[in-house]
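Trainee: mind looking at a prediction? Sequence and model below.
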Amino acid sequence: MSSGYSSLEEDSEDFFFTARTSFFRRAPQGKPRAGQQDVEKEKETHNYLSKEEIKEKVHKYNLAVTDKLKMTLNSNGIYTGFIKVQMELCRPPQTSPSLGKLAPSSNGCTNTLHISSTNTVGEVIEALLKKFLVTESPAKFALYKRCHREDQVYACKLSDREHPLYLRLVAGPRTDTLSFVLREHEIGEWEAFSLPELQNFLRILDKEEDEQLQSLKRRYAAYRHKLEEALSEMSEEAIHVNCKAQEARNSEDFVKGFVGV
């Protein structure tokens with residue numbers, strides 16, 4: 001049984017466990033906005049499924065699979081399987097210094113994760129960020145579901161407590177029916193956070209800005225040092241050449257003087 005994830009791209013059978021903490025708070029109570037109603041409906045449907053219904057759905061899901069990414073149902077009712085998440089980021093996120101920056105091929109590509117039915121949206125986001133060594137807070141990102149119905153395509157942000165593998169099970173294995181997308185939070189969505197949380201985000205941004213500035217200064221300091229070394233070597237070489245030229249002229253003057261005598 002696995003309650004974690006692993007990437008198929010690494011062709012490994014090891015499962016890496018995700019954290020159990022949530023980076024998100026629930027949105028303020030009130031009238032649900034567009035998209036939130038869909039999430040609530042899915043939560044209600046989730047509560048109605050019995051173990052027998054889940055067993056039947058897993059069986060039908062595996063019969064429809066064409067890429068060998070089947071689900072496995074355990075005796076305790078927890079099932080594991082695979083989801084694919086497309087990266088749609090507006091800017092390269094800050095990554096670990098050992099990586100330097102996000103590889104250009106990462107944005108826009110589709111990543112396959114192995115998760116369990118107990119893994120939440122928040123844990124999936126953490127898993128994706130850890131895979132690319134992203135050091136930014138998971139709270140800056142959101143997981144969206146992209147649905148195709150009657151030639152219409154729409155995207156809806158998922159609640160941090162939703163379970164992506166359950167959505168995959170209900171929708172079936174076809175990604176043209178349901179797919180997952182990782183994006184940054186939109187500006188208007190920050191309204192769902194409290195003032196202390198927003199202030200914490202600002203501190204994180206200030207820290208990231210300072211780190212980027214220090215990195216830039218170190219980079220140009222190293223470049224300046226190399227230039228100064230090159231100039232110093234050129235100056236020493238020029239002095240050496242001038243000395244040789246002066247010695248040659250002195251020798252010529254001596255020879256001329258000696259011949260004249």
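Mentor: Cool, got the structure. Numbers count the residues shown, from 1 in each chain.

Trainee: and the helices in the stretch 101-250 of the chain?
Mentor: Ranges of helices in the stretch 101-250 of the chain, per DSSP state H, counting those that start in this stretch, are 121-131, 164-171, 195-260.

Trainee: so can I have CSV of those helices showing mean neighbour count and distance to Lys60?
Mentor: (Each C-beta comes from the backbone N, C-alpha and C, glycine too.) What follows is the helices of the stretch 101-250 of the chain, written out as CSV (neighbours: other CB atoms under 10 Å; distance: least, CB to CB, whole Å):
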stretch, mean neighbour count, distance to Lys60
helix 121-131, 22, 24
helix 164-171, 20, 9
helix 195-260, 10, 41
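
Trainee: so which of those helices is nearest Gly81?
Mentor: Closest to Gly81 of the helices of the stretch 101-250 of the chain, according to CB to CB: helix 164-171, at 5.5 Å.

Trainee: coming back round to it: which of the helices of the stretch 101-250 of the chain has the lowest average pLDDT?
Mentor: Lowest mean pLDDT of the helices of the stretch 101-250 of the chain: helix 195-260, a mean of 78.

Trainee: show me the shaky parts of the stretch 1-150 of the chain.
Mentor: Along the stretch 1-150 of the chain, segments meeting pLDDT under 70 span 1-48, 91-108.

Trainee: just the strands from it, written as ranges.
Mentor: Listed in chain order, the strands of the stretch 1-150 of the chain (DSSP state E, counting those that start in this stretch) span 4-5, 16-17, 72-73, 79-87, 110-116, 141-149.

Trainee: shouldn't Met87 be in contact with Ile125?
Mentor: No: assessed by CB atoms under 8 Å, Met87 is found out of contact with Ile125, at 11.4 Å.

Trainee: mutual contacts of the two, please.
Mentor: Leu182 (CB atoms under 8 Å, 6 or more residues apart in numbering).

Trainee: rewinding a little: save the strands of the stretch 1-150 of the chain as JSON lines, and put in distance to Phe201 and mean neighbour count too.
Mentor: Putting those into JSON lines (distance: least, CB to CB, whole Å; neighbours: other CB atoms under 10 Å) gives the following:
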{"stretch": "strand 4-5", "distance to Phe201": "26", "mean neighbour count": "22"}
{"stretch": "strand 16-17", "distance to Phe201": "27", "mean neighbour count": "14"}
{"stretch": "strand 72-73", "distance to Phe201": "38", "mean neighbour count": "16"}
{"stretch": "strand 79-87", "distance to Phe201": "21", "mean neighbour count": "20"}
{"stretch": "strand 110-116", "distance to Phe201": "25", "mean neighbour count": "20"}
{"stretch": "strand 141-149", "distance to Phe201": "12", "mean neighbour count": "18"}
